[in-house]
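Q: Any chance you could fold what I've pasted below:
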Amino acid sequence: MSSSKGPPKTDALAEKCSKSSPGFWEYHSLARDGINVLLNNGFEESQKLFKNHRQAVILSPAIAQSNFTYYSTMEINTWLFICQQAILTFEDDQLDRALENLKRAQRICYIESNKKSGIAKDERLMRQILYADSELYMALLTFLKQGVTDYTEDDDMLANLDGSPSLSRKSPSVSPDALRHLQAAVSCGYGLFHLAISLVPPKLLKFCHLLGFSGNRDVGLQALDIASQSEDMKAPVARLTLLWYHSVIRPFIALDEGNNEEGLKKATEMLEESSQEYPSSAVFLFFRGLVSRLKGNVGQALQEFHQAMTAAAEQTEIALICQYEIGWCHLLQLEWDYALPSFFRLKEESKWSQGYYAYLCGITVGLLGSSTEAHSQFKSVLKLTKKKTPLEEFLCRRAAQYKKVEPSEDDCLLLALELLYVWRAFYTCTETVLHKMLKDMQECNPSPNLIPLKTLMIGSVNQILKNNDLAVKYFQEAIYKSGRSPPDSHVPPFATYELGVLYAQDTRTSDKGEELLRRVKDHYSGYDFENRLSFRVHSAMARIEERRQEMAASLHKKA
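A: Reported below is the predicted structural model:
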């Protein structure tokens, strides 16, 4: 946005600017107020408002084009609302609705390239920004809907991600006030673009680089922070994106090696800053519960998830993800009887992966002693699974192991803990719970094919409890017991990764740790949860490089 001569002077900008459309930024502010109504649980009121204005646009596209100021801001409100809903719930119908609304928003924002169209510069730029944002959100939603494997087959959708950044490099002169609004508006999409590219799986990242894309995570976070502190209508979206990153993505990809303090500190600060503007928002209460759970305060998390579920009474999708977190919290406490009702409700009411919820019902009811009912639930997993995502392929394979035999209570214990392990949830458990896990696993007598998995998880719990020598012993045993043709192909790479991380933390063995991490990257493929582990290996190797650079800088300073 600046040249080598530096940015234009404010007075010069003011002289060059063209007069804005009547009420242009006032309507922009109104759109922000509409989103705030939505986030403060005014679901029915906001949906009615968005629906009315969307109908006006549909019935009269000519009116929408001639009065972009009013109709587009309300239309963009609509797709922002639906996009947020789709990203939170992952439900197919929500994703489809969001994509349709994004296409509609693009039609509303489209303008001719002819600069003599009579549209003010600030309005023209805002249309371009919103058009590019639509491209970005469409790419992200397609990513969620199709998954990583299908996504690599569609380079056109990847290419569309380059929309928002290009706008920031070719903005003509506008008034200082309008420029402030436009900078805030472009920061959200620009930040999301950088963050999204920086977080793609390592295998897909090479493909992105071939297409000329690169993402800087720090730049993305900084831009999103600017957007979140602004008066732009997308400020709440930027804030929610940052909360999602710090409370979901950072723990998921093991960015901090199991220590989530930095990310949780930032998320807590953002929630405190938002408390006055969104005092009883179901979405913000949901994130409060998420942060509390990650801090290990499961009792407080349960209270906040229940509050969020009550606040979201008119919004079923939000209520259901709160219900899931309630069940998950009880799993973390090993409270199978309290977890079961949540998973039964989700199996009946949720449109996202009923097979996954049937699997959760199967393992929890099996842990309560009903192996016959567990057997029935596992058989239903195969019937309820409609699309084969990597997770659902894994669940179907697990469920198929019990197609002819009933699962034992010991098997169900390991299957429940396996989900907690893969989701990196052991790190959020209290020491009391971790010690109970160890005791239960050491005493259980599962099917022979689950022995390597049991050994891996015993090693993981010991690692979290700082029993590193024991952890190394169990990780090595897990690899050995898996043999040449492991019954669970994901156990050896996960055990090798855990060993690599342990060794990498000590400067004396960091080279050995890096070698093990490279082995995971280069020697294993086609196993369950491969994309998840690839993220973590990539992050672990990046941290090794960071430590080397810090050590070199320290030695250079001493010299």
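Q: wait, doesn't residue 482 sit right on residue 453?
A: No. Because the distance of 9.1 Å does not satisfy Cβ atoms under 8 Å, residue 482 is recorded as not touching residue 453. C-betas here are computed from N, CA, C, even on glycine.
Q: For those two, indicate the residue with more neighbours.
A: Neighbours were tallied for residue 482 and for residue 453 using other Cβ atoms under 10 Å; the higher tally belongs to residue 453 (26 against 22).
Q: Okay, and that one sits in which element?
A: Secondary-structure assignment from DSSP states H and E places residue 453 in helix 451-464.
Q: likewise residue 352?
A: Counting by DSSP H and E, there is no helix or strand that carries residue 352.
Q: same thing with the one 4 residues further on?
A: Taking DSSP H and E as the definition, residue 356 sits inside helix 354-367.
Q: Could you name the helices and strands sitting against whichever helix or strand comes after that helix?
A: Once the chain leaves helix 354-367, the next helix or strand it forms, by DSSP H and E, is helix 371-384. Applying 3 or more Cβ pairs under 8 Å, 6 or more residues apart in numbering; DSSP states H and E, we find helix 371-384 packed against helix 354-367, helix 390-400.
Q: Give the rounded mean pLDDT of helix 371-384.
A: Over the span of helix 371-384, the pLDDT mean works out to 92.
Q: what's next to that helix, contact-wise?
A: 354-355, 358-359, 361-363, 365-366, 395-396, 398-400, 402-403, 405-409, 412 (Cβ atoms under 8 Å, 6 or more residues apart in numbering).
Q: Any of the residues you listed buried? List them.
A: The neighbour count (16 or more other Cβ atoms under 10 Å) marks 354-355, 358-359, 361-363, 365-366, 395-396, 398-399, 402, 407-408, 412 as buried among the contacts of helix 371-384.
Q: Could you measure from the closest residue to residue 93 other than its chain neighbours over to residue 288?
A: Leaving aside its sequence neighbours, residue 93 sits nearest to residue 351 (Cβ to Cβ, 6 or more residues apart in numbering; 6.4 Å). Taking Cβ to Cβ, to the nearest Å as the measure, residue 351 falls 26 Å from residue 288.
Q: okay, the two: which has more neighbours?
A: Set side by side, residue 351 and residue 288 show more neighbours around residue 288, with 26 against 14, by other Cβ under 10 Å.
Q: hang on, the more buried one packs against residue 270?
A: No. Residue 288 sits out of contact with residue 270 when judged by Cβ under 8 Å, with a separation of 10.6 Å.
Q: which stretches of the stretch 201-350 of the chain form strands?
A: Secondary structure of the stretch 201-350 of the chain by DSSP state E, counting those that start in this stretch: no strands are present.
Q: how close does residue 38 get to residue 486?
A: In this view, residue 38 and residue 486 are 49 Å apart by Cβ to Cβ.
Q: Name the residue in those two with the higher neighbour count.
A: Applying other Cβ under 10 Å to residue 38 and residue 486 shows that residue 38 carries more neighbours, namely 24 against 18.
Q: what helix or strand is that one on?
A: helix 24-39.
Q: Perfect, I'm done here.
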